[in-house]
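>>> Provided below are the primary sequence and the corresponding predicted coordinates.
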Amino acid sequence: MSIGSDQAVLVWGEVLWDRFPDGARLGGAPANVAWHLGLAGGWARLVSRVGDDEAGRQAIARMSEVCDPDLVQIDPERKTGEVLVAVDAGEPRYTLVPDRAWERIECTADVATALGEASVLVYGTLAQHTDLGLAGWRKAIDAAHGSCLKVCDVNLRRGSRSSINEQRAAREAIEAADIVKVNDAELARLAEWFSWRDGLGALRSHKRVVAVTHGKAGATIYGEDRVIECAGVPAAPGGDNIGCGDAFVAILVHGMTLGWDLQASGDAACRWASAVAAVRGATPYFEDAHVDALLGEHDA
């Protein structure tokens, strides 16, 4: 499975502010993916929606430092997204503030044109939990050309109650994907939702790549013809694991756009995720020398 490197990676989904007790940090799983893609040197375009407010303007300004935010829409009625975050023993607990702009991202004419030219479309599952969000995403899937690789990063909030809409969004997102990334807890939850006796087998029943992350224990990537183990990298103390899975997806995709094989891409993704776990929040800055060290040297 290969990805062309001459065209943009489009990332579809929520950008919002994570409100920690000690301050706000930019977040939203798809926005985190776009952030790390750009920080690593990739060309990412973010498709999202914010309010016509100061929080939205700040979000666009911040994202513009690492990616192209021109496809971020301005909602004249709803405010920019917010999530209240509490961290318990390093594990985040999220409370979404409802009825925000990111819940109704549209597939505008500009977005459809960009999708027709993109080599990769990365999306999560959260932004499709409303009827409007799901309708916009369906149009985006239809607008993507046949060779556009579709990457699904499953986002199931720990401790949140599931709904029929969330299950519907997850099922459709997975069915449309060429690459699916889940963590161990999400894989178990999907199996429970859909009565899968073998969750991994269900995901692998279609011709796709499946990446299962194991936190500090690394990741297992099930390729088209082999199983790849990527060792975990210990994180320096003092951070949290918010955004680590998003960072993994970003660098996995980035490596593939550069022509790396799955082993090299997955190893770099694990190193990068560990670096994110060593800091607070999902969207840190890394110096160029640190970026080079995390990505390593590879032969295409």
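Yes, it's here.
>>> shaky segments in the stretch 201-300 of the chain?
Along the stretch 201-300 of the chain, segments meeting pLDDT under 70 span 298-300.
>>> all strands of it, in order?
Using DSSP state E, counting those that start in this stretch, the strands of the stretch 201-300 of the chain run over 209-213, 218-222, 227-231.
>>> of these, flag the one that's most buried.
Neighbour counts (mean count of other C-beta atoms under 10 Å) averaged over each of the strands of the stretch 201-300 of the chain peak at strand 209-213, with a mean of 23. Every C-beta, even on glycine, is put in place using the N, C-alpha and C of the backbone.
>>> what distance separates it from the middle of the whole chain?
Strand 209-213 has its C-alpha centroid displaced from the chain centroid by 13 Å (C-alpha atoms, centre = their mean, to the nearest Å).
>>> which elements pack onto it?
For strand 209-213, the packing partners by 3 or more C-beta pairs under 8 Å, 6 or more residues apart in numbering; DSSP states H and E come out as strand 179-183, helix 184-194, helix 199-203, strand 218-222, helix 244-257, helix 262-277.
>>> tell me the angle it makes with strand 227-231.
Orientation note: strand 209-213 sits at an angle of 30 degrees relative to strand 227-231 (axes from the mean of the first three to the mean of the last three C-alpha atoms, to 10 degrees).
>>> quick one: closest of the helices and strands packed on strand 209-213 to residue 124.
Nearest to residue 124, of all the helices and strands packed on strand 209-213, is helix 244-257, at 8.5 Å by C-beta to C-beta.
>>> for that closest one, packing partners?
helix 29-39, strand 120-123, strand 149-153, strand 179-183, strand 209-213, helix 262-277, helix 288-295.
>>> can I get these in CSV including distance to residue 50?
Conversion of these to CSV gives the following (distance: least, C-beta to C-beta, whole Å):
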stretch, distance to residue 50
helix 29-39, 10
strand 120-123, 17
strand 149-153, 20
strand 179-183, 25
strand 209-213, 28
helix 262-277, 23
helix 288-295, 27
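>>> so which of those gets nearest residue 55?
Of all these, helix 29-39 sits nearest to residue 55, with 13.0 Å by C-beta to C-beta.
>>> hang on, the earlier thing: pick the most deeply packed of the helices and strands packed on strand 209-213.
Here the criterion is mean neighbour count by mean count of other C-beta under 10 Å, and of the helices and strands packed on strand 209-213 the winner is helix 244-257, at a mean of 28.
>>> and that one with helix 184-194, angle?
Using the same axes, to 10 degrees, helix 244-257 lies at 100 degrees relative to helix 184-194.
>>> quick check, distance from helix 244-257 to the centre of its chain.
Counting by C-alpha atoms, centre = their mean, helix 244-257 is centred 8 Å from the centre of its parent chain.
>>> quick one, that helix and strand 179-183 angle?
Using the same axes, to 10 degrees: helix 244-257 against strand 179-183 is 150 degrees.
>>> picking that back up, residue 291: which of the strands of the stretch 201-300 of the chain is closest?
That would be, of those and by C-beta to C-beta, strand 227-231, which comes in at 18.8 Å.
>>> give the pairing partners of the closest one; include direction for each.
Partner strands and pairing direction for strand 227-231 (DSSP bridges) are strand 218-222 (antiparallel).
>>> figure out how far the partner strand is from the centre of its chain.
Between the centre of strand 218-222 and the centre of its chain there are 16 Å (C-alpha atoms, centre = their mean).
>>> quick one: contacts of it?
200, 204, 209-214, 227-233, 248, 252, 262-263, 266, 269-270 (C-beta atoms under 8 Å, 6 or more residues apart in numbering).
>>> and if you look at stretch 164-183?
1, 123-126, 128-131, 133-134, 137-138, 141, 149-154, 156, 190, 193-194, 203, 206, 208-215, 245, 248-249, 252-253.
>>> show me the contacts for the closest residue to residue 127 other than its chain neighbours.
Nearest residue to residue 127 in three dimensions, chain neighbours excluded: residue 13, at 4.3 Å (C-beta to C-beta, 6 or more residues apart in numbering). Residue 13 makes contacts with 28, 29, 30, 31, 47, 48, 102, 105, 123, 124, 126, 127, as judged by C-beta under 8 Å, 6+ apart.
>>> rerun that using 6 Å as the cut-off
Residue 13 is in contact with 30, 123, 124, 127, counting by C-beta atoms under 6 Å, 6 or more residues apart in numbering.
>>> the last one - how many residues pack around it?
What that stands for is residue 127. Other residues within reach of residue 127, judged by other C-beta atoms under 10 Å, total 30.
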